[in-house]
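> The sequence isn't on hand, but the structure is:
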């Protein structure tokens with residue numbers, strides 16, 4: 001059984017003194033370090049959240065820039081295609097004009113040669129007709 005005497009009070013005082021000393025020497029610094037660590041973790045988490053928000057903002061800016069660049073690229077592409085089509089049309093028209101001109105020159109040249117050949121054959125037809133008549137009839141035709 002527990003005896004209540006002076007030693008019990010000395011033990012209680014000793015225990016309270018030990019608790020007070022441990023609190024001052026051991027527990028308080030540990031609680032301070034834990035509090036500092038908690039503050040560091042909270043600050044780090046806040047910093048991470050800030051960086052994430054900045055990254056999201058930058059990502060949105062990059063996406064917007066990409067969209068604008070793609071739109072400008074498509075616009076430039078369409079412009080280049082239209083210019084190429086106009087150049088193609090112009091070149092085809094020039095080639096068609098050149099071909100028509102050459103065709104017309106060839107026709108004129110051929111018409112001239114046909115006319116010369118006709119004139120030559122008209123002049124030569126009498127000679128050929130007389131030669132054929134001689135061969136068929138076997139005598140000279142007058």
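Now that the structure is in, tell me what you want to look at. For clarity, every value in this text was computed on a predicted model and none was experimentally measured.
> Can you give me the neighbour number for residue 113?
By other C-beta atoms under 10 Å, 10 other residues sit near residue 113. Quick note: C-beta positions are derived from backbone N, CA and C, even for glycine.
> and it, what helix or strand is that in?
Assigned by DSSP states H and E, residue 113 falls within helix 28-137.
> Just list what that helix packs against, helices and strands only.
The criterion is 3 or more C-beta pairs under 8 Å, 6 or more residues apart in numbering; DSSP states H and E, and there are no helices or strands that helix 28-137 contacts.
> Quick check: residue 54 vs residue 101, distance?
Distance, residue 54 to residue 101, using C-beta to C-beta, to the nearest Å: 69 Å.
> what pLDDT does residue 3 get?
Listed pLDDT for residue 3 reads 74.
> give the contact list for it.
Applying C-beta atoms under 8 Å, 6 or more residues apart in numbering to residue 3 gives no contacts.
> Check which helix or strand it maps to.
Under DSSP H and E, no helix or strand contains residue 3.
> Could you check how far it is from residue 9?
12 Å.
> ditto for residue 133
In terms of C-beta to C-beta, residue 133 sits 173 Å off from residue 9.
> The two: who's more crowded?
residue 133 (13 against 10).
> Point out where the protein drops to low pLDDT.
Where the chain drops to pLDDT under 70, the residues are 1-2, 140-142.
> Next, the contact list for the residue nearest the centre of it, please.
Centroid-nearest residue in the chain, with C-alpha atoms, centre = their mean: residue 70, separated by 6.3 Å. Listed by C-beta under 8 Å, 6+ apart, residue 70 has no contact partners.
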